[in-house]
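Trainee: fold the following, please.
(one chain, ligands or ions: 1)
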Amino acid sequence: MGVVNVTPDSFSDGGAFLDPRAAIARVERVVDEGAAIVDIGGESTRPGATPVPVSEELRRVMPVIERALQLPAIVSIDTSRPEVIRTALAAGVHMVNDVRALTFPGALEAAAGSTAAVCVMHMQGGPADMQDNPRYDDVVREVAAFLAARVLACERAGIARERIAIDPGIGFGKTVAHNLELLRNLDALAATGLPVLAGLSRKRMIGELTGRPVDRRLAGSVALATIAALRGASIVRAHDVAETVDALRVVAALCKRGEQ
Ligand code: 9MG
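Mentor: Prediction:
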């Protein structure tokens with residue numbers, strides 16, 4: 001899953017693709033480099049990010065979605081808002097990626113009224129405060145229980161299990177220790193039988209582990225993508241698509257005999 005942030009304040013690419021032409025060029029490059037899914041978002045979810053009006057979110061993402069839908073890729077809308085979900089689905093997007101796990105009022109219903117896939121992610125707190133003091137008694141158990149509850153809510157709303165992916169939300173209300181614990185136990189989430197999505201690319205934990213600034217986290221990102229795939233992730237969300245695809249092809253070859 002290649003990341004396309006149409007925002008002025010993303011932590012990872014700092015507004016490089018706010019201009020629709022730049023965002024469209026980014027979509028084309030992501031697909032060209034081998035991404036099966038393009039994830040298009042118009043609101044930053046980095047720690048401390050401020051919300052934007054729905055109209056602005058739509059203004060940012062819709063031209064990019066229109067172009068992405070002409071390409072040979074699954075098109076995902078990265079949003080939490082029911083209005084944006086509905087508009088993007090009406091345009092034909094194939095997937096809704098929601099870091100708030102379809103908890104906003106009306107979001108479940110908006111997603112259920114289509115045949116699109118959904119990804120529900122765990123987050124403790126919200127972008128404004130999630131990194132203030134994240135606490136868990138047992139991070140793996142608590143994240144798994146939250147995701148199980150959201151999957152049930154999706155199913156009750158009419159979203160078939162086959163349409164649902166789950167995501168532990170690396171970096172969303174978690175310390176480095178929490179993130180590492182979740183990665184070590186990613187196979188427990190994969191054991192649900194649902195596809196697991198992992199977003200690790202350029203994240204703060206890599207900065208904390210390596211001392212590298214955000215524009216020098218490629219090696220750490222590819223290492224974590226590889227580890228996530230080996231531990232059962234089916235979808236890896238990445239900024240550096242070509243390098244991540246290479247790493248995942250190596251993992252796929254290694255696991256091909258089915259003796260993971
Ligand atoms: C939008 N976004 C940013 N980070 C993410 C992650 O880790 N997972 C998912 N599903 N979406 C993310």
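Trainee: just the strands in the stretch 51-200 of the chain please.
Mentor: 74-78, 95-98, 117-121, 164-167, 197-199 (DSSP state E, counting those that start in this stretch).
Trainee: please export the C-alpha coordinates of the fourth one as CSV.
Mentor: Provided in CSV are the C-alpha atoms of strand 164-167 (Å, rounded to 0.1, in the frame of the first residue of the first chain):
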residue,chain,number,x,y,z
ILE,A,164,-12.3,-6.4,6.7
ALA,A,165,-8.6,-5.9,7.4
ILE,A,166,-7.2,-5.1,10.9
ASP,A,167,-4.3,-2.9,11.9
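Trainee: for the stretch 51-200 of the chain, which residues are neighbours of the ligand?
Mentor: Contact residues (Cβ under 6 Å from any ligand atom) of the stretch 51-200 of the chain with the ligand: 78, 97, 99, 119, 121, 167, 169, 170, 197, 199. Just so you know, the C-beta spots here come from the backbone N, C-alpha and C atoms, and that holds for glycine as well.
Trainee: give me that answer again for 5 Å
Mentor: Taking Cβ under 5 Å from any ligand atom as the criterion, the stretch 51-200 of the chain approaches the ligand at residues 78, 97, 119, 121, 167, 199.
Trainee: those residues: which two are farthest apart?
Mentor: Pairwise distances across these (Cβ to Cβ) peak at 11.5 Å, for the pair 78 and 167.
Trainee: now do the SS call for residue 232.
Mentor: Following DSSP: H, G, I helix; E, B strand; the rest coil, the label given to residue 232 is coil.
Trainee: was I right about it contacting residue 183?
Mentor: No - counting by Cβ atoms under 8 Å, residue 183 is not a contact partner of residue 232; they are 10.5 Å apart.
Trainee: and the closest residue to residue 171 other than its chain neighbours, how many neighbours?
Mentor: In space, residue 171 comes closest to residue 203 once its chain neighbours are excluded; the distance is 4.6 Å by Cβ to Cβ, 6 or more residues apart in numbering. Using other Cβ atoms under 10 Å, residue 203 has 23 other residues around it.
Trainee: mean pLDDT for the strands of the stretch 51-200 of the chain - can I get that in a markdown table?
Mentor: Below are those laid out as a markdown table (pLDDT from 0 to 100):
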| stretch | mean pLDDT |
| --- | --- |
| strand 74-78 | 98 |
| strand 95-98 | 98 |
| strand 117-121 | 98 |
| strand 164-167 | 98 |
| strand 197-199 | 98 |
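Trainee: turn these into a markdown table, including mean neighbour count and distance to residue 155.
Mentor: Formatted as a markdown table, the strands of the stretch 51-200 of the chain follow (neighbours: other Cβ atoms under 10 Å; distance: least, Cβ to Cβ, whole Å):
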| stretch | mean neighbour count | distance to residue 155 |
| --- | --- | --- |
| strand 74-78 | 26 | 20 |
| strand 95-98 | 25 | 15 |
| strand 117-121 | 26 | 11 |
| strand 164-167 | 23 | 8 |
| strand 197-199 | 27 | 18 |
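Trainee: so residue 76 bridges to which residues?
Mentor: Beta-bridge partners recorded for residue 76 (DSSP bridges): residue 39, residue 95.
Trainee: ok, the residue in the chain that the ligand sits nearest to to residue 221 distance?
Mentor: Per Cβ to the nearest ligand atom, residue 199 is where the chain lies closest to the ligand, at 2.1 Å. Separation of residue 199 from residue 221 (Cβ to Cβ, to the nearest Å): 10 Å.
Trainee: okay, the residue nearest to residue 171: pLDDT?
Mentor: As summarised for this prediction, residue 203 has a pLDDT of 96.
Trainee: next, the contact list for it, please.
Mentor: 170, 171, 179, 217, 221 (Cβ atoms under 8 Å, 6 or more residues apart in numbering).
Trainee: residue 178 too?
Mentor: Per Cβ under 8 Å, 6+ apart, neighbours of residue 178: 134, 136, 139.
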